[in-house]
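Student: I need the structure of the sequence given here:
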Amino acid sequence: MNLEEKIRALISKFELLNKEEVEIIVDKTIVDEFKKGTLLLKEGQIPTKCYMVVEGCVREYIIKDGEDKTTAFFMEGDTFTPNSGNGAPSKHYWECIEDCVLTISNKSFEEEIRAALPRLDTVFQGIALEKISAAKEEWNMFVTSSPEERYLNLLETKAHLLDRAPHHQIASYLGMKPQSLSRIRKRILDQKQ
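Tutor: Numbering: from 1, shown residues only. I've put the predicted structure just below:
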């Protein structure tokens with residue numbers, strides 16, 4: 001599958017879009033490649049771009065008390081945008097943890113797409129509501145579960161992440177130290193044998 005076909009397939013997953021709208025978006029989409037280790041955004045910068053992952057993995061993290069804390073991973077099909085749209089400095093970092101191919105959106109791109117597709121505001125609102133609902137459900141699950149339950153949920157929902165992100169970043173994402181994650185993995189492995 002070539003890059004354009006991958007982008008078409010990812011955009012088509014937004015069920016609120018019809019085929020003609022998908023083609024207009026694919027035609028106007030800006031795509032760029034980024035090497036592993038590239039910082040797309042740093043704490044203190046004013047974010048101006050939104051992204052969708054076509055290939056690769058991006059990690060979102062903050063630095064607190066001198067330690068980085070992973071808050072999200074974005075993989076194929078995931079979109080990520082600044083946490084506040086009001087032009088405030090970012091509190092997060094976005095780092096490519098693999099070589100990445102990303103679509104890039106900025107204010108002028110969004111204005112051009114909205115001019116070509118007037119109903120896009122309604123579509124974007126629907127997508128935003130779906131993302132907010134999913135994030136709320138994920139947060140509720142996170143705060144009400146034990147570290148082992150968080151790990152088991154990760155195995156069930158994003159097992160491929162375990163092969164793509166370093167152990168210490170996954171531990172941070174799950175809200176634990178790497179040693180705790182190692183103990184949990186060993187205990188689960190021992191139970192299966």
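Student: Tell me how many other residues surround the closest residue to residue 116 other than its chain neighbours.
Tutor: Excluding the flanking residues, the one nearest residue 116 by Cβ to Cβ, 6 or more residues apart in numbering is residue 24, at 5.4 Å. Bear in mind the C-beta positions are built from the backbone N, C-alpha and C, glycine included. Neighbour count for residue 24, taken as other Cβ atoms under 10 Å: 15.
Student: gap between residue 24 and residue 9?
Tutor: Here residue 24 is placed at a distance of 16 Å from residue 9 (Cβ to Cβ, to the nearest Å).
Student: Quick test: name the residue nearest the centre of this protein.
Tutor: The centroid of the chain falls nearest to residue 74 when counting by Cα atoms, centre = their mean (2.5 Å).
Student: Tell me the pLDDT of that residue.
Tutor: Predicted confidence (pLDDT) at residue 74: the value is 95.
Student: likewise the one 4 residues further on?
Tutor: The confidence metric pLDDT takes the value 90 at residue 78.
Student: For it, grab the count of nearby residues.
Tutor: What residue 78 shows, counting by other Cβ under 10 Å, is a neighbour count of 15.
Student: Quick one: name whatever helix or strand follows the host helix or strand of residue 53.
Tutor: Residue 53 belongs to strand 50-55 when assigned by DSSP states H and E. Next in sequence after strand 50-55, counting helices and strands by DSSP H and E, comes strand 58-64.
Student: Show residues contacting whichever helix or strand comes after that next one.
Tutor: Where DSSP H and E defines the elements, the next helix or strand beyond strand 58-64 is strand 67-74. Residues from elsewhere that reach strand 67-74 (Cβ atoms under 8 Å, 6 or more residues apart in numbering): 51, 53, 57-63, 80, 92-93, 97, 158, 161, 164-165, 169-170, 172-173.
Student: one more time with 6 Å, if that's ok
Tutor: Residues outside strand 67-74 that contact it (Cβ atoms under 6 Å, 6 or more residues apart in numbering): 53, 58-62, 80, 161, 169, 172-173.
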